[in-house]
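Student: turn this into a model:
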Amino acid sequence: MGDIGNFFNFVIEQVIQFLSFTAFANLTVGHLIMILVGLIFIYLAIAKEYEPMLLVPIGFGILIGNIAFTPGYKIGIYETGSVLNYLYFGVMQGVYPPLIFLGIGAMTDFSALISNPKLILIGAAAQFGIFGAYALALAFGFSPAAAGAIGIIGGADGPTAIFLSSKLAPELMGAIAISAYSYMALVPVIQPPIMKLLTTKKERLIRMKPPRAVSKTEKIIFPIAGLLLTTFLVPSGLPLLGMLFFGNLLKESGVTKRLADTAKGPMIDIVTILLGLTVGASTQATTFLSPQSIKIFGLGALSFIIATTAGVVFVKIFNLFLKEGNKINPLIGNSGVSAVPDSARVSQIIGLQYDKTNHLLMHAMGPNVAGVIGSAVAAGILLSFLA
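Tutor: Numbering: from 1, shown residues only. Below is the predicted model of the structure:
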């Protein structure tokens, strides 16, 4: 009987020990909150089709990162030697964002910007959201480096936000990345009310001249000239700008189609999966949930609103100096943020609501791709005096 009793005691101890290692035993309210956030991301991606290529990996990554576990077994993303920690290396060291920019360059047509260069000013104006949010973050007590990393959310450019925060405020990486990608996904929700509020019916009906045809030579010269002009001015933006323009040259040269197809296809897909999943997993409740994270989300929303407002208002002011027939429809001012092509698509949708024959998409793509360049330049500027 004694042997049987000892056996049962042993079994019970083993069961208790097993249960102590389950997620149920380590679960906290914070984990449940983050799991709910992950499910919301997945719902928005699948049911509403808000940036599904980003929100599905991020949402599922949030679920993975918030399965509660006992520390010390090299499971969590912050545990040295874990698989997730190795994959997260590409985020923490800023490896993934330049590769994303390489793919973006290979799939981007800069024709709208080349045909109407003044549209780059709209992309530049929208970057005011970055520096406005930087000032607000300083006012909220963040350090200059952290404020710079938070401000870049206003560019609506997830890879740039990750790149800059990896250099300036790696401890805030999760909150900044999730905030940036969240607002990128919510472009169709956030921007339309601002655009309608700031424009009159007459302004919304402005018809712009069709963009001129752009030659192949111009398309080849643009990435070379763009690289030299931007990186000579802001060398610290070289990792992003260099890869962006290189990818575009692969596309436009006509002799490296296979490389361009790889960059804009399998490569960017793989990097997007790894980046989204690991950024999501970095929202581990024990390190992610804090008053700072809430402040970052609030400041991110403000920066995005400031950027959209700055773009629209700039066009309205710019129109005061343009002759009739050359005026710009201020509904494309929102597309100065670098959420490509979603913000340009919003310009098109809102424009068609007021005139079903006034197609603004091609015009909006000019400031939209300028915004990609602008956010990378802004990141380089912030990095140069804050790092």
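Student: how near is residue 126 to residue 337?
Tutor: As for residue 126, its distance to residue 337 is 5 Å (criterion: C-beta to C-beta, to the nearest Å). In this view, the C-beta of every residue, glycine as well, is placed from N, C-alpha and C.
Student: overlap in contacts of the two?
Tutor: Residues touching both residue 126 and residue 337 (C-beta atoms under 8 Å, 6 or more residues apart in numbering): 155, 307-308, 311, 371.
Student: now render the residues you listed as CSV, adding secondary structure.
Tutor: Listed next are these as CSV, based on DSSP: H, G, I helix; E, B strand; the rest coil:
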residue, secondary structure
155, helix
307, helix
308, helix
311, helix
371, helix
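Student: out of those residues, which comes closest to residue 164?
Tutor: residue 155 (9.4 Å; C-beta to C-beta).
Student: surely that closest one touches residue 340?
Tutor: No. In this structure, residue 155 is not within contact of residue 340 by C-beta atoms under 8 Å, at 11.4 Å.
Student: what pLDDT does the residue nearest to the spatial centre of the chain get?
Tutor: Nearest to the mean C-alpha position of the chain, by C-alpha atoms, centre = their mean, lies residue 158 at 1.8 Å. Residue 158 is assigned 86 on the pLDDT scale.
Student: show me where pLDDT drops low in the chain?
Tutor: Along the chain, the parts satisfying pLDDT under 70 run over 1-2.
Student: what's the burial count for residue 138?
Tutor: Neighbour count for residue 138, taken as other C-beta atoms under 10 Å: 16.
Student: also the one 5 residues further on?
Tutor: Residue 143 sits with 13 neighbouring residues when counted by other C-beta under 10 Å.
Student: re the thing from before, which one of residue 155 and residue 340 has more residues nearby?
Tutor: The residue with more neighbours, out of residue 155 and residue 340, is residue 155; 33 against 20, by other C-beta under 10 Å.
Student: dump the residue contacts of the more buried one.
Tutor: Residue 155 is in contact with 126-127, 129-130, 161, 307, 337-338, 371, 374-375, 378-379, counting by C-beta under 8 Å, 6+ apart.
Student: dump the residue contacts of the nearest residue to it once chain neighbours are set aside.
Tutor: Counting by C-beta to C-beta, 6 or more residues apart in numbering, the nearest residue to residue 155 once its immediate chain neighbours are dropped is residue 375, at 3.3 Å. By C-beta under 8 Å, 6+ apart, the residues touching residue 375 are 127, 130, 152, 155-157, 160, 337-338.
Student: list just the nearest of these to residue 204.
Tutor: residue 337 (19.1 Å).
Student: which phi and psi values does the closest one adopt?
Tutor: Dihedral angles of residue 337 (phi, psi; degrees, to the nearest 10) stand at phi -70, psi 160.
Student: what's the distance between the residue nearest to it when sequence neighbours are not counted and residue 112?
Tutor: Nearest residue to residue 337 in three dimensions, chain neighbours excluded: residue 156, at 4.0 Å (C-beta to C-beta, 6+ apart). Distance from residue 156 to residue 112, counting by C-beta to C-beta: 18 Å.
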